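> fold the following, please.
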Amino acid sequence: MSGHSKFSNIKHRKERNDAAKGKVFTRLGREIAVAVKSGGADPGANGRLRDIISKAKANNMPNDTIDRSIKKAVGDLNAVNFESIQYEGYGPSGAAVIVKTLTDNRNRAAANVRAAFTKSGGNMGATGCVSYLFDEKGYIVLEKESVSEEEIMLAALDAGAEDFSVEDESYEITTAPEDFFTVREAIEKSGYEILSGEITFVPQNYVKLNDPEDQKKMRKLIDMLDDEDDVLDVYHNWDE
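Here you go, the predicted model:
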């Protein structure tokens, strides 16, 4: 993982989206609604909701906005009809891209994702065309200043984590997808506050784009996808 900190990528995307917090909060509100519908409004009993709340806080979503989103979801359970759809494709020079969406209109989502690929010099492919180039992993991030390295490393590994790494501003824990919730809960029960936790896609190998024009097109693709309300996450194997 050295040199490819997931937390650094999250920070980069969050900073780039600061001027469009409304879009970020809209997406998080959708995720909260789906989590509440599937598991209830109590974060203590709903691990998925707890993870999304952590994600919301990492994106500077105010606590009162989070609370309102949960209450709204409870009152509108019958109106929550969002569908999770994954798209895959290629950016410039064959860079692999996975796009996760949460939408109430699959035709709109597909058309907008396809347009982003086309307008940036890439192309959307069939399901499975690039996902084999990634490993699905659980990622847990803790702030460095508030945690003892030795204690959190032992707690994570004892709970079943695969790896533990020290980055510039954080500790990052990697798990198998099926062990993510167990490891996260063990860390929380040990009294540590999780900055961010999610199940994500990690590239098996990274590709370099040496042509400045390819880099520009790849950045355009990522930015266009980020601007779509239906898009939750964008994963790629470009070594930025």
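> go through the longest helix anywhere in the chain and flag the buried ones.
Longest helix in the chain by number of residues (criterion: DSSP state H): helix 21-39. Neighbour counts over helix 21-39 (16 or more other Cβ atoms under 10 Å) mark 24-25, 27-37 as buried. C-beta here means a position set from N, CA and C on the backbone, and glycine is covered the same way.
> ok, these vs residue 62, which is closest?
Residue 62 lies nearest to residue 25 out of the buried residues of helix 21-39, by Cβ to Cβ, at 9.1 Å.
> buried set for stretch 50-66?
50-59, 61, 65-66.
> again, but for stretch 110-130
Going by neighbour count (16+ other Cβ under 10 Å), the buried part of stretch 110-130 is 110, 112, 113, 116, 117, 120, 121, 122, 124, 129, 130.
> between the two ends of it, how far is it?
17 Å (Cα to Cα, to the nearest Å).
> flag the shaky bits of this structure, pLDDT-wise.
Along the chain, the model assigns pLDDT under 70 to residues 1-21, 146.
> quick one on the thing from earlier: among the buried residues of stretch 110-130, which are in helices?
Reading helices off the buried residues of stretch 110-130 with DSSP H, I get 110, 112, 113, 116, 117.
> before we move on, the earlier item: okay, the buried residues of stretch 50-66 in a markdown table with distance to residue 184 next?
Output for these, formatted as a markdown table (distance: Cβ to Cβ, whole Å):
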| residue | distance to residue 184 |
| --- | --- |
| 50 | 8 |
| 51 | 7 |
| 52 | 13 |
| 53 | 12 |
| 54 | 9 |
| 55 | 12 |
| 56 | 16 |
| 57 | 15 |
| 58 | 14 |
| 59 | 18 |
| 61 | 19 |
| 65 | 23 |
| 66 | 18 |
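> take those residues and keep only those in helices.
Going by DSSP H, the helices hold 50, 51, 52, 53, 54, 55, 56, 57, 58, 65, 66 from those.
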